[in-house]
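Novice: I would like to see how this sequence folds:
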Amino acid sequence: MKKHINKIHNVLIAGVLLFSGACTDLDENVYSELKADNFYNDETEVLQGALRPFTHMQAWLAPTGGNGFYYHSELSADQVAWPQKGRHGYDGGDHFRQHYHTWTSNEGRMRGAWELMWTGVGYVNGAIEDISGIENPEDIGMTSDEINSILAELYVLRAYHYIRMMDLWGNIPIVTKNAASTPLNPATEPRSKVFEFIKTELETYVPQLPKYSEELIGRTTQTAGYAMLAELYLNAEEWSGTPMWDECIAACDKIMSGEAGGLGGTPRLADDILETFGNTNQMSPENLYQIAYSRKGGFTFDWGGFYFGYGNMSEALNVGYSGWNAFVVVPTAFDAYEDNDLRKDEWFLFGPQYKYGTEEPVLGTEEYNGEPLVYVNSIRRESEGDMTSEGSMAEGEENSGARFNKYRSGTLDDENYWENHYVIYRLTEIYFNKAEAIMRKNGGTATQEAVDLINASRKRAFSDEDWPNEMYTAATLTLDELLAERGREFIFEGKRRTDLIRFGEYTNGSWWDHEPDGDPNKKIYPVPANQIANNPNLEQNPGY
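Specialist: This next block holds a predicted model:
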């Protein structure tokens, strides 16, 4: 098994090195580094070409960059914020506008997200064109079936890019070829047409994908494809105007039955709440789609910049990285966990911080310079005597808010230090998706099947002693409670904005320092103004 995982890592890393460049410059051919007629000489080179778009995807999808899908999905929702902390973190008001939903079409980070994601589409289109042009696969030691399987991966990967772009911007162009063979200025298409394009691509190519297995970690397989379809169908009413609850249930069943494959044969829920996110999570049985990072291979899942404190916190976890003390947990989100919820204890850093393995306190460096650092569930100027106000995005301090501890790198002396994979889809989400589809089909009321699906996940978050009082029943599992439990289970996983929109809470809900604006236009972002200036065929979204 290990040799198969290492092979995928090696191909991924080689792909990153070979194609590193042209990641953000949309004015150049994204495949300018190679010529198709002197590349693709064997299976390894074909895989490198096919996996290059996948490795690029981490730049905008994972919490490793400050201007991608993840930033916009989390910082505009009700669980994660980037408040100003004294002299740090104002950043021109970028994060304030996300939190308050007051963004404009001139946001620099939004431009970055657009460019990164469309560059990714360019990489996929280039790979499809090049690999489709291999006329005699046997000449490079491959079969036509192997080439077609890789092409199916690329079509599904492109559809995933479109899901995420449609989620953010709604109305976007549909581009399936690179600049040499497509109009220079593609026109905006309505979200409903984009939805149908994605749906057709996925329904056509997902059945052609290989079933998931340990040999295919880091690849786009059937479990990934059916998870995409489950998400597409779950959000179909919002994205296309027509609900597709039965289709969502059927896609979930493809995964839950093991028909689509899985690590270990059939996917199953991890035994505890730490297994899926630890530094040996490569083979977690509930993983369905993951980015195969490897520190040893030079391709590290670096969540530290945004989610980790300053250098003083390196002492607390005995790690070699530090961060910008940026993202914090919104106080109302932390309050949503009961005190006996194991996720509250395990997935967050909270309270006094001590140097690893000791009772010696970590010391502050800003408002609490030289004093013990204690993370608190408030964002206000307590160092100046404010112990009672609700605070605001402008009033944070170095210790404001509970902090991220969901993914854990292990310590510096750990053999698998910082080997974490980033999980895009996991089986728990499929359980939640199916339960929600069942409930919505049933007028919002839970059936026993829906209750059992959610309880199977939630049970891991409570002790055996507490569980009898914490399990859901058909009476207690309402849609409002399902949204709350989705928040508790999937915090930090880049999914919250999408969930809030589907439940009608994104523009109508209140949380901590955010009041509802009631503006339905805010459910999608504006097309960046510079893109419209460059392409007269792009149309701005309503309300901007």
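
Novice: CA only for contacts and neighbour counts going forward, please
Specialist: OK.

Novice: can you give me the helices in the stretch 51-200 of the chain?
Specialist: Here the stretch 51-200 of the chain has its helices, by DSSP state H, counting those that start in this stretch, at 69-75, 94-100, 108-132, 144-169, 191-205.

Novice: who are the packing partners of the fourth one?
Specialist: So the one you mean is helix 144-169. If you count contacts as 3 or more CA pairs under 8 Å, 6 or more residues apart in numbering; DSSP states H and E, helix 144-169 packs onto helix 43-61, helix 108-132, helix 191-205, helix 222-234.

Novice: who's in contact with Met471?
Specialist: For Met471, the contact set (CA atoms under 8 Å, 6 or more residues apart in numbering) comprises 455, 458-459.

Novice: do Tyr425 as well
Specialist: Tyr425 touches 224, 227, 287-290, counting by CA under 8 Å, 6+ apart.

Novice: likewise Phe54?
Specialist: Counting by CA under 8 Å, 6+ apart, Phe54 has contacts 157, 291.

Novice: that one and His161, how far apart?
Specialist: According to CA to CA, to the nearest Å, Phe54 stands 10 Å off from His161.

Novice: ok so, going back, among the contacts of Met471, which one sits closest to Phe404?
Specialist: Checking the contacts of Met471 against Phe404 by CA to CA gives Arg458 as the nearest, at 19.8 Å.

Novice: mind checking pLDDT for the closest one?
Specialist: pLDDT recorded at Arg458 is 98.

Novice: assumed it was part of a helix.
Specialist: Yes - Arg458 sits within a helix when classified using DSSP: H, G, I helix; E, B strand; the rest coil.

Novice: need the strands for the stretch 201-350 of the chain, in chain order.
Specialist: 287-291, 328-329, 348-349 (DSSP state E, counting those that start in this stretch).

Novice: quick one: strands adjacent to the longest one?
Specialist: Paired strands of strand 287-291, with direction, are strand 422-426 (antiparallel) (DSSP bridges).

Novice: name the next helix or strand following the partner strand along the chain.
Specialist: helix 427-441 (DSSP states H and E).

Novice: got the buried residues for that next one?
Specialist: By 16 or more other CA atoms under 10 Å, the buried positions in helix 427-441 come out as 427-440.

Novice: and the furthest pair within the residues you listed?
Specialist: Leu427 and Arg440 (20.1 Å).

Novice: got phi/psi on the residue nearest the centre of the chain?
Specialist: Against the mean C-alpha coordinate of the chain, by CA atoms, centre = their mean, the closest residue is Gly494 at 4.0 Å. Main-chain torsions, Gly494, degrees, to the nearest 10: phi 80, psi 20.

Novice: who's in contact with it?
Specialist: Listed by CA under 8 Å, 6+ apart, the contact set of Gly494 reads 62, 69-70, 73-74.

Novice: and the residue sitting furthest away from the middle of the chain, what pLDDT?
Specialist: For the chain, the largest distance from the centre (CA atoms, centre = their mean) belongs to Asp139, which lies 38.9 Å off. Listed pLDDT for Asp139 reads 94.

Novice: before we move on, the earlier item: which one of the helices and strands packed on helix 144-169 lies nearest to His88?
Specialist: helix 108-132 (17.9 Å).

Novice: list the buried residues of the closest one.
Specialist: For helix 108-132, burial by neighbour count (16+ other CA under 10 Å) applies to 109-131.

Novice: kindly report the same for stretch 174-190.
Specialist: Neighbour counts using 16+ other CA under 10 Å place 174-179, 187-188, 190 of stretch 174-190 among the buried residues.

Novice: restricting to C-alpha, output it in PDB.
Specialist: Only the C-alpha atoms of stretch 174-190 are listed here, as PDB (Å, rounded to 0.1, in the frame of the first residue of the first chain):
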ATOM      1  CA  ILE A 174     -18.500  28.000 -20.100                       C
ATOM      2  CA  VAL A 175     -15.000  27.500 -21.600                       C
ATOM      3  CA  THR A 176     -14.000  24.000 -22.700                       C
ATOM      4  CA  LYS A 177     -11.000  24.800 -24.900                       C
ATOM      5  CA  ASN A 178      -7.900  27.000 -24.500                       C
ATOM      6  CA  ALA A 179      -7.400  30.300 -26.200                       C
ATOM      7  CA  ALA A 180      -6.100  29.000 -29.500                       C
ATOM      8  CA  SER A 181      -9.400  27.400 -30.300                       C
ATOM      9  CA  THR A 182     -12.000  29.400 -28.300                       C
ATOM     10  CA  PRO A 183     -13.400  32.900 -28.500                       C
ATOM     11  CA  LEU A 184     -11.000  35.500 -26.900                       C
ATOM     12  CA  ASN A 185     -13.900  37.000 -24.900                       C
ATOM     13  CA  PRO A 186     -16.400  34.300 -23.900                       C
ATOM     14  CA  ALA A 187     -19.800  35.500 -22.900                       C
ATOM     15  CA  THR A 188     -21.500  35.100 -19.600                       C
ATOM     16  CA  GLU A 189     -24.000  32.200 -19.300                       C
ATOM     17  CA  PRO A 190     -26.800  32.000 -16.800                       C
END
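
Novice: what's the spacing between Ile532 and Asn416?
Specialist: Distance, Ile532 to Asn416, by CA to CA: 46 Å.

Novice: got it, and Glu465?
Specialist: For Glu465, the distance to Asn416 - CA to CA - is 33 Å.

Novice: the two: who's more crowded?
Specialist: The neighbour count for Glu465 versus Asn416, taken as other CA atoms under 10 Å, is higher for Asn416 (17 against 8).

Novice: run through the residues that contact the more buried one.
Specialist: Per CA under 8 Å, 6+ apart, neighbours of Asn416: 279-280, 410.

Novice: that one - that's part of a helix, no?
Specialist: No - under three-state DSSP, Asn416 sits outside any helix and is assigned coil.

Novice: phi and psi next, for it.
Specialist: phi -110, psi 30.

Novice: how far away is it from Lys495?
Specialist: On the measure of CA to CA, Asn416 and Lys495 end up 28 Å apart.
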